[in-house]
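A.B. asks: starting from these lines, generate the structure:
(one chain, ligands or ions: 1)
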Amino acid sequence: MIKFLDLQKINLAYQQEIETKLLEVFRSGWYLMGNELNNFEENLSKYIGAKHAIGVANGLDALRLILRAYIELGIMKQGDEIIVPSNTYIASILAISDNNLVPILVEPEINTYNINISKIEEKITPKTKAILIVHLQGRVVFSNQLKEIAKKHNLKIIEDNAQAIGAEWDGIKSGNLGDAAGFSFYPGKNLGALGDAGAVTTNDDELAKAIRALANYGSNKKYVNIYKGLNSRLDEIQAAVLDVKLKYIDNENTIRREIAKKFISEITNPSIILPENPTNEKEHVWHVFVIRSEKRDELQAYLTENGIQTIIHYPIPPHHQEAYKEWNTLSFPISEKIHEEVLSLPISPVMTEDEISKIISVVNKF
Ligand SMILES: *Cc1c(COP(=O)(O)O)cnc(C)c1O
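C.D. replies: Residues are numbered from 1 along each chain as shown. As a prediction, the model looks like this:
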């Protein structure tokens, strides 16, 4: 059985280094807001190129905290609108509605699965305050046109960088393209912790200060509370593990790119639509390798029978979720088509040549 993602193997690659760190943290007696977090934040901010990196409890919180901080700073208020792709993972949208802001869904481009930048401007109203871009599947979505739209309408650009750590656009890392970015280090992400973890990066001093306080009960000074905050911290154990793994992320992303290239050149089944490799291959870190087929469910069953585990990212579009009943009658045909046809093949830095070849030959035989 070829697993969709062999997390055990991924982490065992750094077994000695991680176990040494875990033991060190365990024996230190210091488990929150210590040296491990400081080191990881410093190394993450250097890696991304952003002035601030703030460790938080998970990726959803990273996005919630960015929006909440803009509200506390008076830049946004309840009822304001945030533009977001209609085919994103639900967390991008939950972060908006959790803050009593209004998600405005914009359809993606079918060939990149990312928000269609040319469809953004028609959705802008006087209430629009930000564009939440999502670098879905590990592919950067950014352009000078997007920057101009944001500038013209005075909108913040917030990046959901949960799936794309290490990707670059025009020499700039994702997470440093907009005004603020949310990261997830959920175990299955390209940089995965041993549990929940996340971060925010930004070059905005005021925003960083507000987020740090909000994530710590609304306090920058012990027992003095300036906001009605929450508790969303990255603990020392997760920070230590992430700091070890951050050193290897470029290498791992390079391996993902090589596997993706091989899939793209060697999968030749005409009933399958392959993902596009961007002209600048640094724009993609292949968090997932998503193919499309009109016979998606049959294809998935066939792969399962042949010992290949696959996942659908994602089976139900946000506007069809019960949680967003108010959208259930809306129509987003491109998103719907994507959700009906996509299938993610296994891709990871620890796959063997044999596994890669087997996936290619079974997909071609379908
Ligand atoms: C994983 C993910 C999140 C949420 O991150 P968690 O750490 O699971 O809270 C948000 N957005 C996208 C696009 C994701 O893939």
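A.B. asks: rest of the way, CA atoms for contacts and neighbours
C.D. replies: OK.
A.B. asks: name the nearest residue to the residue of the stretch 101-250 of the chain found nearest the ligand, sequence neighbours excluded.
C.D. replies: In the stretch 101-250 of the chain, the residue that lies nearest the ligand is S184 (4.1 Å; CA to the nearest ligand atom). Distances taken as CA to CA, 6 or more residues apart in numbering put G59 closest to S184, at 3.9 Å, once the chain neighbours are dropped.
A.B. asks: my read: L146 touches N116, true?
C.D. replies: No. With contact defined as CA atoms under 8 Å, L146 does not count as touching N116 (10.0 Å).
A.B. asks: out of those two, which sits in the more crowded spot?
C.D. replies: Legend: neighbour count by other CA atoms under 10 Å for L146 and N116, higher for L146 (19 against 16).
A.B. asks: would you mark the buried spots in the top helix by length along the chain?
C.D. replies: When the chain is parsed with DSSP state H, its longest helix is helix 249-266. Residues of helix 249-266 classed as buried by neighbour count (16 or more other CA atoms under 10 Å): 249, 252-257, 259-260, 263-264.
A.B. asks: ok so, going back, how many neighbours does the residue nearest to S184 have?
C.D. replies: For G59, the number of neighbouring residues by other CA under 10 Å comes to 27.
A.B. asks: and if you look at L246?
C.D. replies: 20.
A.B. asks: surely it and L191 touch.
C.D. replies: Yes. Under the criterion of CA under 8 Å, L246 makes contact with L191 at 6.9 Å.
A.B. asks: chain center to stretch 7-24: distance?
C.D. replies: Centroid displacement of stretch 7-24 relative to its chain, using CA atoms, centre = their mean, to the nearest Å, is 23 Å.
A.B. asks: quick check: mean pLDDT across that stretch?
C.D. replies: Across stretch 7-24, pLDDT averages out at 98.
A.B. asks: now do the same contact list for D98.
C.D. replies: R64 (CA atoms under 8 Å, 6 or more residues apart in numbering).
A.B. asks: what's the separation between it and T254?
C.D. replies: Applying CA to CA, to the nearest Å, the value for D98 to T254 is 36 Å.
A.B. asks: confirm Q238 sits in a helix?
C.D. replies: Yes. If the criterion is DSSP: H, G, I helix; E, B strand; the rest coil, then Q238 is within a helix.
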